[in-house]
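Trainee: take this sequence and fold it.
(one chain, ligands or ions: 1)
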Amino acid sequence: MKKVYLDNASTTAVRTEVIQEMTKVMTEDFGNPSSTHSFGRNAKSILELSRKSIAKHLNITAQEIIFTSCGTEANNWILRSAVKDLKVKRIITSKIEHHAVLYTLMALQSEYSIQVDYVAVKPNGEIDITDLVQLLSQETKTLVSLMHVNNETGTILDLERVGRICKQYSVLFHSDTVQSIGKTKIDLHAIPIDFIVASAHKFHGPKGVGFAFVRKNSGLQPIFYGGEQEKGLRAGTEALHQIAGMAKALEYSYTNLETERAFILDLKNYLVTQLEFEFPGFLINGTVDGFYNMLNVLLPFSEDKTAMILFHLDMKGIAVSRGSACQSGTIKPSHVLAEMLSPEDLKKPSLRISLSHYNTKEDIDLLVEALKSI
Ligand code: PLP
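Mentor: Numbers count the residues shown, from 1 in each chain. Reported below is the predicted structural model:
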């Protein structure tokens with residue numbers, strides 16, 4: 001049975017070149033970047049070259065990149081320090097953020113009694129910018145936290161526009177860019193934004209490593225204490241093989257961006273055409289022109305199919321997702337779709353199909369065939 005992986009928003013296959021780079025670092029460059037002997041200096045040089053390479057792709061300075069263990073850690077750090085150290089009293093976010101943001105804000109709200117306001121979400125999953133502007137008219141020290149590409153529906157936030165609005169109202173702007181880094185060009189020199197986060201396993205790099213972009217002179221303070229790594233902002237010996245692998249993965253992603261994007265978009269269009277042909281009543285959760293690697297669809301199946309659909313596809317070797325990864329396998333409705341769909345539609349089966357350049361039209365055909373047999 002051919003296995004078909006269509007869950008690339010959850011995680012991606014690691015590129016062969018990335019594995020080779022990581023293997024080389026683990027076998028040959030095992031020094032601790034903080035050691036002053038030649039092994040350490042060699043490791044330090046790989047660390048700093050990785051930082052420079054990542055910074056170059058985002059058009060920022062290397063000092064503005066802080067390595068972390070994942071996107072979740074980077075989100076937690078930025079939001080917590082913004083409240084604790086930058087004295088942010090109010091955070092404007094949305095109910096469709098990833099739990100790495102939503103649950104962190106709930107914790108901060110109870111620990112520091114900050115005000116958390118949720119900007120309205122349109123039925124197509126887009127953020128209501130008019131509502132954001134209205135919310136910004138208060139005088140309190142504020143941070144706006146809105147994700148770039150939604151991990152369940154692929155709806156896109158206009159980072160530049162929101163950045164300009166935040167600047168105009170003199171508020172801080174943080175964006176969870178975990179789904180978009182490595183998949184679209186982001187010029188952080190041109191966008192007025194204070195903080196973004198990334199996670200290597202979403203762009204064909206290893207799991208367990210990510211980074212935060214922290215604009216120069218932000219005033220952010222560490223939440224971990226220990227060594228002086230990462231300019232004292234993130235203590236703990238750097239996972240050099242992971243970091244080098246991440247830098248290599250980002251380099252490949254951006255070098256191949258145009259060809260891979262065109263290829264993936266073509267697959268997505270093929271998927272939409274096939275679904276239109278086989279399941280004429282299907283609906284797209286979000287917008288047709290959402291992010292090119294993702295499609296969230298509401299299938300015209302009865303409610304009783306909801307619980308078993310993933311299991312059925314899995315039995316046929318096909319991996320897709322229902323909502324976000326952390327919820328797949330459970331029948332808890334997606335908190336993102338809950339903001340967009342009617343209670344009746346929420347009970348019906350929705351699937352997130354997320355693609356990569358490793359997929360083929362045959363994968364789509366196998367998915368559609370499997371859906372037809374449900
Ligand atoms: N933010 C978004 C939008 C995500 O999709 C994910 C991963 O599912 C995360 C944060 C968490 O990233 P990590 O797995 O690196 O902790």
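
Trainee: mind listing what the closest residue to residue 265 other than its chain neighbours touches?
Mentor: Distances taken as CB to CB, 6 or more residues apart in numbering place residue 292 nearest to residue 265, at 4.4 Å, with adjacent residues excluded. Heads up, the C-betas are built off the backbone N, CA and C, glycines and all. Contact criterion CB atoms under 8 Å, 6 or more residues apart in numbering gives 183, 261, 264, 265, 268 as the residues in contact with residue 292.

Trainee: can we see that at 7 Å?
Mentor: Neighbour list for residue 292: 261, 264, 265, 268 [criterion: CB atoms under 7 Å, 6 or more residues apart in numbering].

Trainee: what's the neighbour count on residue 362?
Mentor: By other CB atoms under 10 Å, 10 other residues sit near residue 362.

Trainee: so which strand or helix has it?
Mentor: Here residue 362 is covered by helix 361-372, with elements defined by DSSP states H and E.

Trainee: would you mind pulling the contact partners of that helix?
Mentor: Contacting residues not belonging to helix 361-372 are listed as 2, 4, 6, 267, 270-271, 274-275, 278, 313, 316, 318, 353 [CB under 7 Å, 6+ apart].

Trainee: go again with 8 Å.
Mentor: 2, 4-6, 267, 270-271, 274-275, 278-279, 299, 312-313, 316-318, 320, 353.

Trainee: got the CA coordinates for that helix in PDB?
Mentor: Below are the C-alpha coordinates for helix 361-372, written out as PDB (Å, rounded to 0.1, in the frame of the first residue of the first chain):
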ATOM      1  CA  LYS A 361      -1.100  14.200  -8.300                       C
ATOM      2  CA  GLU A 362      -1.300  10.500  -7.600                       C
ATOM      3  CA  ASP A 363      -1.500  11.300  -3.900                       C
ATOM      4  CA  ILE A 364      -4.500  13.600  -4.500                       C
ATOM      5  CA  ASP A 365      -6.100  10.800  -6.700                       C
ATOM      6  CA  LEU A 366      -5.600   8.300  -3.900                       C
ATOM      7  CA  LEU A 367      -7.100  10.700  -1.300                       C
ATOM      8  CA  VAL A 368     -10.200  11.400  -3.500                       C
ATOM      9  CA  GLU A 369     -10.600   7.700  -4.200                       C
ATOM     10  CA  ALA A 370     -10.500   6.900  -0.500                       C
ATOM     11  CA  LEU A 371     -13.000   9.700   0.200                       C
ATOM     12  CA  LYS A 372     -15.300   8.300  -2.400                       C
END
